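Enquirer: have a look at this prediction, sequence included:
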Amino acid sequence: MSAELFTLPVSTPEKSAYAVPVRWFNASSSGAAILLMPALGIPARFYDPLASALQAAGTAVLIMEQRGHGDSALRPSRSVDFGYREALDEDIPALLGWLHSQRPGQPVVLMGHSLGGHYASMTAGRSPERIAGVILSACGTACFEAFEGKVRNQLRVLIMMIPMLTRAFGYYPGDKVGFGGREARRLMQDWLQLARHNRYAAIGLDEDLEAGIRHFNKPLLMLRMADDDFAPKAAMDAMRARFSSAQVSERVLDATTLGDRADHLRWVRTPHAVAGGVRDWLTSHGWQ
């Protein structure tokens, strides 16, 4: 089977028209459906191999396209800006609503890679009644204090550069810098709060985005890649600490298990070990 590609309209307070492009890998199983959210700067189609592997195992997957990437009609510029608020208040709720309408009474699980995992975490804290569980894959805090050596130094430099770059360009030129893609100013301002202070914050949302995560008491699966410099153990431990009430399962995947280097991105290209781990976890909760 292949993906169905379409867009889902969102409700915006400004009444401006926007529709989220999605990739729908349907499955006939009555088990859980997964809403999969990409990493910073990564288009939704990158996750097709993972979604196909999950679909083959009987799990339906809906992949969200980030604003500004892939098939999104938006591209960040001085006049086109957005941040976490749009994802959390508009895009993700629209996709959750569609999934629940398509599969009434069936569990919905959020799965996120890196930035997508942060969206999943914040959504779990804000709307726990809409989801059955969370999967964080290669998702650690971006706070520089959780890193060592070269990566820690690179993050500290990046933290200093982002405000200057966004002022100069009107957006963040991650495709030129080598971290992320072409990103909106406000999104990177939101990201900086995590990188500097290990706290979630979103411009335009006057709420404590950490509080709900602490009270989230449903299942959480954390998948760490053994060679991942961008989500090492300390960074993922900092994510686990957020979920102080969750039912946490952890799995470390190495190169032998994956059949490729177990870094921040390559696991998506050889997804069968990850798909198997997700399937086993879903089965353990009666969702497969």
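Expert: Perfect, I can see it now.

Enquirer: for the rest of this, base every contact and every neighbour count on C-alpha atoms.
Expert: Fine.

Enquirer: quick check: the gap between Ser77 and Ile203.
Expert: Ser77 sits at a distance of 18 Å from Ile203 (criterion: CA to CA, to the nearest Å).

Enquirer: hang on, I meant Gly170
Expert: Taking CA to CA, one finds Gly170 at 17 Å from Ile203.

Enquirer: repeat for Arg85
Expert: Taking CA to CA as the measure, Arg85 falls 7 Å from Ile203.

Enquirer: then Val109?
Expert: Using CA to CA, Val109 is found at 26 Å from Ile203.

Enquirer: and for Pro21?
Expert: For Pro21, the distance to Ile203 equals 24 Å [CA to CA].

Enquirer: same check, this time on Gly149
Expert: In terms of CA to CA, Gly149 sits 31 Å off from Ile203.

Enquirer: what about those two, which has more around it?
Expert: For Gly149 versus Ile203, neighbours defined as other CA atoms under 10 Å are more numerous around Ile203 (14 against 7).

Enquirer: just the terminal-to-terminal distance for stretch 280-288.
Expert: 8 Å.

Enquirer: so which bits of the longest helix along the chain are buried?
Expert: Longest helix of the chain, by residue count under DSSP state H: helix 149-169. The neighbour-count check on helix 149-169 (16 or more other CA atoms under 10 Å) flags Arg152, Leu155, Leu158, Ile159, Ile162, Pro163, Leu165, Thr166 as buried.

Enquirer: which other helices and strands contact it?
Expert: When contacts are defined as 3 or more CA pairs under 8 Å, 6 or more residues apart in numbering; DSSP states H and E, helix 149-169 packs onto strand 172-173, helix 185-197.

Enquirer: ok, then the element right after the shortest one?
Expert: In this case it means strand 172-173. helix 174-177 (DSSP states H and E).

Enquirer: list the helices and strands that following helix packs on?
Expert: If you count contacts as 3+ CA pairs under 8 Å, 6+ apart, helix 174-177 packs onto strand 182-183.

Enquirer: against which helices or strands is the helix or strand that contains Thr256 packed?
Expert: Assessed by DSSP H and E, Thr256 sits inside helix 255-258. Helix 255-258 is packed against helix 272-284, with contacts defined by 3+ CA pairs under 8 Å, 6+ apart.

Enquirer: residues making contact with the helix it packs on?
Expert: The contact list for helix 272-284 (CA atoms under 8 Å, 6 or more residues apart in numbering) reads Ala32, Leu50, Ala53, Leu54, Ala57, Leu221, Leu223, Leu253, Thr257, Leu258, Trp267, Gln288.

Enquirer: so which of these belong to helices?
Expert: Residues of the contacts of helix 272-284 located in helices (DSSP H): Leu50, Ala53, Leu54, Thr257, Leu258.
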